[in-house]
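Visitor: generate coordinates for the sequence data below:
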Amino acid sequence: MHFVLYASSAVRPLDDDQIQGLLEVSRRKNATVNVSGMLLYYEGSFLQYIEGVKEDVMSLYARIADDRRHHGLFVLDSDTIDDRAVSAWTMGYNRLDAAQQKLLGSFDLSAQALEQALDAELPRTVHSMMRTFYRTAHRYA
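Guide: Purely as a prediction, here's the structure:
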């Protein structure tokens, strides 16, 4: 099993309908290749985690990288894992609001901010945050 965690910036902000359309397509396609994952979105910034068989994950990431709806892709972490972190979701999602962003403190989801702040601990910190989000959100799903 393998995962990729990356950040990117939308070319233009997406409204709820556009995000919903993106999620519907992602969930359908991810289910066909047995990829699970989750997406966070805040004011034009994406943070996405995908996991599955390495070849499937890397193929999906290559398609994501070619998508012209976003730019500035920055891989925060990519590694082998023993077990899936978000196995129940073909694509979990949360659109962060200002209050949720504030709870993250100074953690900025923009690819540029993450690249500037990146140190040896950040990728695992982000990974841990996403696992916590999954566990918390999954309880209420």
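Visitor: residue 39: how many residues sit nearby?
Guide: Neighbourhood size, residue 39 [other CB atoms under 10 Å]: 20. (Glycine included, C-beta is placed from N, CA and C.)
Visitor: kindly apply the preceding question to residue 79 instead.
Guide: By other CB under 10 Å, the residues close to residue 79 number 12.
Visitor: next: residue 21.
Guide: The number of residues packed near residue 21 is 12, by other CB under 10 Å.
Visitor: counting contacts, what elements does whichever strand or helix holds residue 21 pack onto?
Guide: Assigned by DSSP states H and E, residue 21 falls within helix 16-33. Helix 16-33 is packed against strand 36-42, helix 54-66, strand 92-95, with contacts defined by 3 or more CB pairs under 8 Å, 6 or more residues apart in numbering; DSSP states H and E.
Visitor: again, only using 7 Å
Guide: In terms of contacts (3 or more CB pairs under 7 Å, 6 or more residues apart in numbering; DSSP states H and E), helix 16-33 is packed against strand 36-42.
Visitor: least confident secondary structure element in this structure?
Guide: helix 111-117 (a mean of 52; mean pLDDT, DSSP states H and E).
Visitor: for residue 36, name its beta-bridge partners.
Guide: Here residue 36 sits in beta bridges with residue 51, going by DSSP bridges.
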